[in-house]
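> next come a sequence and a model predicted from it.
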Amino acid sequence: MREWPEGEAVPRADVSGSVPAGAPAAAPGAPEAVESPPGAGGAPVRPTLRERAPVLVRRYVPIVSWLPSYRRDDLRPDVVAGLTSWGVMVPVALAYAGLAGVPPELGLATAFAALAAYAVFGTSRHVKVTVSSTMAITSASIVLDIASGDPARFIAETAALAIIVGVILFAGGIARLGFISDFLSKAVITGFIFGVAITIVVGQIPKILGIPSTSGSVPQQVEGILRGIDETDPATLAVGLAALAIIFGLRLVSPRIPGALVVLVVGILASKAVGLEEHGVSLVGDIATGIGRPGLPVIPIGDIAPLVLGAAGIVFLAVGETVGVGRSFADRHRYEIDPDQELVALGASNVASGLFGGFAADASLSQTATADAAGARTQLSSLLTSALILATALVLAPIFTDLPNAVLGAIVIAAAVGLMDWREMRRFWRWRRTDFVVAVAALAGVVAFGVLPGLLVAVVLSVSFLLYRASRPYVAVLGALPGGDRTFGDVARHPAATQVPGVVALRIDAPLYFFNANVAHVQVLRLVGTPQPPARAVVLDLAATGDLDVTTTDMLAGLVRDMREREVTLAFAQVRGPVRDRLRRTGLMAEIGEDRLFASIAAAVEVLERELGSDGAAWGDERGSGPPPSA
């Protein structure tokens with residue numbers, strides 16, 4: 001193993017995967033290599049686990065890389081951000097525990113454990129993985145039917161769900177499945193979260209009115225609210241509306257003022273001073289002090305299967321939100337995150353939350369934005385917030401006994417309203433109506449059928465539209481652009497582009513797969529039969545295709561036969577290495593001919609033009625004359 005001079009830091013990869021000068025290069029996505037002396041005969045010796053351990057620790061536990069080199073200049077802004085996040089997060093954690101259907105103290109446990117775990121394993125400097133409204137309500141919807149109305153079982157199932165979610169995410173990160181974050185489109189996530197926000201608001205209205213809450217889908221809850229609206233408690237309604245007015249009013253004054261913290265303090269003081277409980281206002285009541293010892297929840301073995309199914313749905317949403325938020329703030333501050341390691345970190349956060357009895361967690365956009373606005377620079381701010389939340393749970397929990405439930409409802413409603421991204425929905429409508437329809441469909445799925453079915457609708461919609469678009473590849477007819485620089489473009493977009501008579505140049509603007517091969521085949525045959533005079537040679541650009549499966553190989557073989565029957569010469573351009581290998585392995589290369597594969601469309605057209613004896617019309621005045629045929 002290489003020895004480094006005294007006083008020289010051992011180089012290590014940063015979270016973007018770049019390797020400092022002097023360090024041995026590694027393949028993208030692979031762990032750093034550990035040099036070992038050659039064995040007998042000069043063969044390299046496989047590194048021992050002891051030799052690999054430091055590399056693996058740096059790879060999967062990023063805090064061991066950034067904390068020792070922490071800059072003192074970052075301390076003050078991190079402390080300020082940590083304190084600010086604590087003030088905002090405590091009331092939200094208490095409120096979201098109600099969304100998850102668990103006691104308030106477990107909201108604090110979730111925030112404490114998830115924040116600390118992500119700070120250790122995460123690659124984003126700014127993301128706050130903590131209590132989340134979407135995770136809380138999704139968790140409750142999954143566990144509700146499984147727990148069969150038993151409160152103790154509900155709490156245990158909720159913690160078990162968080163652990164299962166964490167295990168799936170952790171395994172996905174180790175298996176380098178970070179790419180699944182791209183499976184849910186932005187339109188689907190926006191519509192789903194909008195629908196969840198509507199569900200949350202409707203679910204909190206009974207707290208504001210002081211009437212019994214109802215369960216079921218949004219229409220069923222609205223029906224229950226309308227039936228019970230005559231029982232509205234005036235004092236509770238006044239408290240709830242006042243809390244909402246304060247929160248939204250402070251947002252107008254300055255977004256940096258923690259409105260949730262303000263109404264929490266005001267609500268507790270007003271409750272004690274006026275005696276709100278005596279006026280019929282419901283209070284939070286006793287909150288257990290402290291954080292429970294970490295341990296595995298005890299649940300019936302028959303409940304594991306439905307929890308795993310529910311967890312699989314949560315994973316997609318959690319990954320999409322967390323990696324999306326991480327990329328957004330990484331772009332803003334000019335650094336990179338590692339999506340695979342983000343799965344590991346998110347998994348660790350959920351496992352930690354579940355072990356302390358909490359519920360599923362993911363990145364909170366609002367909490368992350370709050371910390372960023374307060375000046376957060378590293379995850380040290382998260383560690384400080386986590387420590388303060390732990391202190392709150394250990395010492396300050398009894399303070400919240402006199403907090404009105406209407407205030408918690410107002411805090412949740414205000415947070416949910418912030419999730420309704422009207423601006424993004426308008427952008428979808430202006431830029432691409434299909435994305436708007438997808439977003440509305442995801443929203444409607446949540447509102448009509450509930451959170452979990454709505455999540456499944458969102459996933460199915462996202463994958464379905466992905467496959468639909470990929471199954472309809474656009475095949476462009478290419479012509480030489482004016483200027484004689486041998487550049488080809490789509491004649492539909494460049495009317496001045498010219499084609500060589502008898503030569504049809506085509507480009508498939510999507511990778512070929514089994515589900516779009518037949519469509520591409522039909523389009524190519526149609527375009528080859530269109531030009532006048534008839535095509536005598538065809539060149540097909542395969543630059544977008546990285547490999548071939550059996551179906552696409554058969555399609556190309558059929559295309560070779562079709563062109564041969566028509567006595568049309570067939571050539572290919574920009575054929576990638578794996579595709580060439582596949583053509584050779586299947587024997588199709590022998591039918592096509594190695595000499596019919598070209599580095600570019602221009603090179604192919606030039607050769608085919610000579611073979612056909614054309615006058616060089618595609619190259620303009622430099623090689624030919626006369627007006628070229630119009631595409």
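Done, it's in. Every value quoted in this text rests on a predicted model; they were computed, and no experiment measured them. Numbers count the residues shown, from 1 in each chain.
> just the buried positions in stretch 170-180, please.
Using 16 or more other CB atoms under 10 Å as the test for burial, stretch 170-180 gives 170, 172, 173, 177, 178. Where C-beta positions appear, they are placed from N, C-alpha and C, glycine not excepted.
> same check on stretch 552-568?
Burial within stretch 552-568, assessed by neighbour count using 16+ other CB under 10 Å, is assigned to 552, 553, 554, 555, 556, 557, 559, 560, 562, 563, 566, 568.
> could you do stretch 325-337 as well?
Neighbour-count burial for stretch 325-337, with 16+ other CB under 10 Å as criterion, is recorded at 325, 326, 327, 328, 329, 330, 336, 337.
> which pair of those spans the longest distance?
For the buried residues of stretch 325-337, the maximum inter-member distance is 14.6 Å, found between 325 and 336 (CB to CB).
> what about residue 548, how many residues nearby?
Neighbourhood size, residue 548 [other CB atoms under 10 Å]: 27.
> my guess is residue 515 contacts residue 472, does it?
No: using CB atoms under 8 Å, residue 515 and residue 472 do not qualify as a contacting pair, with a distance of 10.0 Å.
> which stretches of the stretch 501-631 of the chain form helices?
Using DSSP state H, counting those that start in this stretch, the helices of the stretch 501-631 of the chain run over residues 517-528, 550-565, 577-586, 588-592, 601-612.
> average model confidence for the shortest one?
For helix 588-592, mean pLDDT rounds to 93.
> neighbouring contacts of it?
When contacts are taken as CB atoms under 8 Å, 6 or more residues apart in numbering, the neighbours of helix 588-592 outside the stretch itself are 553, 556, 557, 560, 570, 572, 580, 583.
> how about the first one, nearest residue that isn't a chain neighbour?
Going back to what we said before, that points to residue 553. What sits nearest to residue 553 in space, not counting adjacent residues and going by CB to CB, 6 or more residues apart in numbering, is residue 586, at 5.4 Å.
> burial of residue 448, as a residue count?
Taking other CB under 10 Å as the neighbour definition, residue 448 ends up with a count of 14.
> I should have written residue 222 there, sorry.
When neighbours are counted by other CB under 10 Å, residue 222 comes out with 15.
> contacting residues for it?
Residue 222 makes contact with residue 202, according to CB under 8 Å, 6+ apart.
> likewise residue 125?
Each residue near residue 125 by CB under 8 Å, 6+ apart is listed here: 329, 330, 333, 335, 376, 377, 378, 379.
> wait, a helix at it?
No: assessed by DSSP: H, G, I helix; E, B strand; the rest coil, residue 125 does not belong to a helix; its assignment is coil.
> which pLDDT value belongs to it?
Per-residue confidence (pLDDT) for residue 125: 94.
> same check, this time on residue 199
The predicted local distance difference test score for residue 199 is 87.
> so which helix or strand takes in it?
helix 186-209 (DSSP states H and E).
> so where's the stretch 451-600 of the chain uncertain?
Along the stretch 451-600 of the chain, the parts satisfying pLDDT under 70 run over 531-532.
> and the strands in it?
Under the criterion DSSP state E, counting those that start in this stretch, the stretch 451-600 of the chain carries strands at the ranges 475-480, 488-490, 503-508, 537-541, 569-573, 597-598.
> what's the closest non-adjacent residue to residue 266?
Counting by CB to CB, 6+ apart, residue 246 is the residue found nearest to residue 266 once chain neighbours are left out, at 6.9 Å.
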